[in-house]
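[1] just coords:
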């Protein structure tokens, strides 16, 4: 391969200069990676990656994920040089300034060319696995014998911090087992972490670890253009395994005073940049400098990339003409054209009036017609399909032999599962859902938080939602988990109170496009609330909260509940008699977003006699009952016994609601 080495070296030098100037200007940031990996950026963005800055979401582009998101100036510098309009020189100068497209860590919804929101270390590695999986699934569904429209690669740049985090290990093991040979992970191996030299905290052989995962591994000089290009070429040509390229680099290269030390990681080298810029041959008085030669080189490269893109477009148009139904499915997925919640509800049969089933079982029944309506919905589980019951019946597993399946077996890897789901969502074709027990949401929480931040429409089907789990005991009985998740902005936490509310919950989740939804479902059977019309229950969930039992006479008391405790509030209302209203509150976040008029109609502020019941910690409910009300909940962990016995002994009963209501003045 004949590389334009002189042009690439000039671009690498100038990218180093952009990073130095940006970090110095705001006195904040991380210089080590942008300087140490400049040659990697040059050979990727200047030669090897397929992309089109005029169409950042081109379907068959190579993806580049910066897992080590603290080195964001690396990505911004190369997006600028590559010609992404949203990362002009004014944005590079505005690094870490409020309102810019160059925030401290890359955010996918903020900056064109940024594939994933990264920063928490290891997330990007797992996200890249998810993107690679998504692309494999897309190729299996949409490529035909006559037209190949998906044949790209996913690149990820990660450092020691990313590979020390457990989430990357979970995802890497999954990638190896599933032969994701379209994934190329470049390991910036510089022997340094933030606090100290890497040998202070690690002594493993990372290359051998990845070989054990089932990866193809190469080690190269990360500053050698030819060696990097050969390694990438070999990775692209080698099938059957994902690829790790261990790139040995010098952190902070270009600032001799700190290069190769932990001081180079952050902005420690910024005070030496004047001498460093001079030594690199950059103009002393012209900061944020990009030479005419570099601009011309990338203009020529963009022209070559545009020809590749145009050739692909011709293939794509021929594929569209030959496969109009497939094309509609793909276009709808990319455009996030989903069925409305009402359309999804119309596809779900009503439950038999005498049903008494767990909401996890109701969820299984609901998922099947939804999957029939949504061809790009996929459902995974952390080795718990037999308990979470979210397997799409009649569909195959996703396997290396056939990526066209719809059921993804993540293994016992909750954090990896959630981060891989984020990657599938970032790729923007499939609607990802995944399942485990609710108590293990804490294993997945960092990825759930990023999904909420990045506005990813993923669905968490988390079962065994309370002390009603029973005999498994307090390790598996979540008491604080639901409330702990409710505090994450933009995450909808829905805890349905019967099978028909479960239908509404799934319809809400799978029709949402601007963020994630977590469904908290019961292990134990609960009855249908047949006194409430089916549509009232289903559509009530879409409002977050609704009147499940309308008072007779003058309203004087309001009972609130969610999930399996709704039945107790309904029973208590019958005992208490006239003037008592029951409000089902399956999703506080959705309810809080309703109009003031709707909220007042459901919870009139004049009625201060209020009791809430939920088999969990109490705190979230005081927003609705106020200082005058009572919350029946838990202030302790559970214990091992049959679920009904645990509930009764902990006071989660209809009688407790009656007693509390009668005690109110």
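    Done, it's in. In this text the structure is predicted, and so the values were computed from the model without any measurement. Residues are numbered from 1 along each chain as shown.
[2] all contacts plus neighbour counts: C-alpha atoms, from now on.
    Noted.
[3] secondary structure element for residue 155?
    For residue 155, the host element (DSSP states H and E) is strand 154-158.
[4] which helices and strands sit right next to the helix or strand following that strand?
    Downstream of strand 154-158, the next assigned helix or strand under DSSP H and E is helix 160-164. Here helix 160-164 touches strand 183-189, going by 3 or more CA pairs under 8 Å, 6 or more residues apart in numbering; DSSP states H and E.
[5] Strand 154-158 and the strand it packs on, what's the angle between them?
    Direction vectors for strand 183-189 and strand 154-158, defined by axes from the mean of the first three to the mean of the last three CA atoms, to 10 degrees, enclose an angle of 20 degrees.
[6] and strand 183-189, average pLDDT?
    Summarised as a single mean, pLDDT over strand 183-189 is 98.
[7] How about residue 414: what's its closest non-neighbour residue?
    Taking CA to CA, 6 or more residues apart in numbering, and ignoring the residues beside it in sequence, residue 414 has residue 444 as its nearest neighbour in space, at 5.5 Å.
[8] ok now do that neighbour, which residues does it touch?
    414, 415, 416, 417, 418, 419 (CA atoms under 8 Å, 6 or more residues apart in numbering).
[9] Format those as a markdown table; extra columns: pLDDT, distance to residue 60 and secondary structure.
    Supplementary listing: the contacts of residue 444 in a markdown table, determined by pLDDT from 0 to 100; distance: CA to CA, whole Å; DSSP: H, G, I helix; E, B strand; the rest coil:
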| residue | pLDDT | distance to residue 60 | secondary structure |
| --- | --- | --- | --- |
| 414 | 98 | 29 | helix |
| 415 | 98 | 28 | helix |
| 416 | 98 | 25 | helix |
| 417 | 98 | 24 | helix |
| 418 | 98 | 24 | helix |
| 419 | 98 | 22 | helix |
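[10] which residues of the protein score low on pLDDT?
    Low-confidence regions of the chain, defined by pLDDT under 70, span residues 1.
[11] which SS class is the most centrally placed residue in it?
    Ranked by distance to the mean C-alpha position of the chain (CA atoms, centre = their mean), the top residue is residue 422 at 2.8 Å. Three states are possible here, and by DSSP: H, G, I helix; E, B strand; the rest coil the one that applies to residue 422 is helix.
[12] any idea which element residue 314 lies in?
    Under the criterion DSSP H and E, the helix or strand holding residue 314 is helix 292-322.
[13] and that helix, which residues are buried?
    294, 297, 298, 302, 305, 306, 309, 312, 313, 316, 319, 320 (16 or more other CA atoms under 10 Å).
[14] doesn't residue 327 make contact with the last one?
    By that I understand residue 320. Yes: counting by CA atoms under 8 Å, residue 320 does reach residue 327; the two are 5.5 Å apart.
[15] Am I right that residue 219 is in a helix?
    No: with three-state DSSP as the criterion, residue 219 is assigned strand and is not in a helix.
[16] Show me what the closest residue to it other than its chain neighbours is bridged to.
    Distance criterion CA to CA, 6+ apart; nearest residue to residue 219, sequence neighbours excluded, is residue 246 at 4.5 Å. With DSSP bridges as the criterion, the beta-bridge partners of residue 246 are residue 187, residue 219.
[17] could you measure residue 246 against residue 222, distance?
    Going from residue 246 to residue 222 by CA to CA, to the nearest Å gives 8 Å.
[18] now residue 510
    Between residue 510 and residue 222 the distance is 44 Å, computed by CA to CA.
[19] Over to residue 478?
    47 Å.
[20] and if you look at residue 462?
    Separation of residue 462 from residue 222 (CA to CA) stands at 43 Å.
[21] Repeat that for residue 165.
    Taking CA to CA as the criterion, residue 165 is separated from residue 222 by 22 Å.
[22] from memory residue 119 sits against residue 30, does it?
    No: because the distance of 11.8 Å does not satisfy CA under 8 Å, residue 119 is recorded as not touching residue 30.
[23] Alright, calling it a day.
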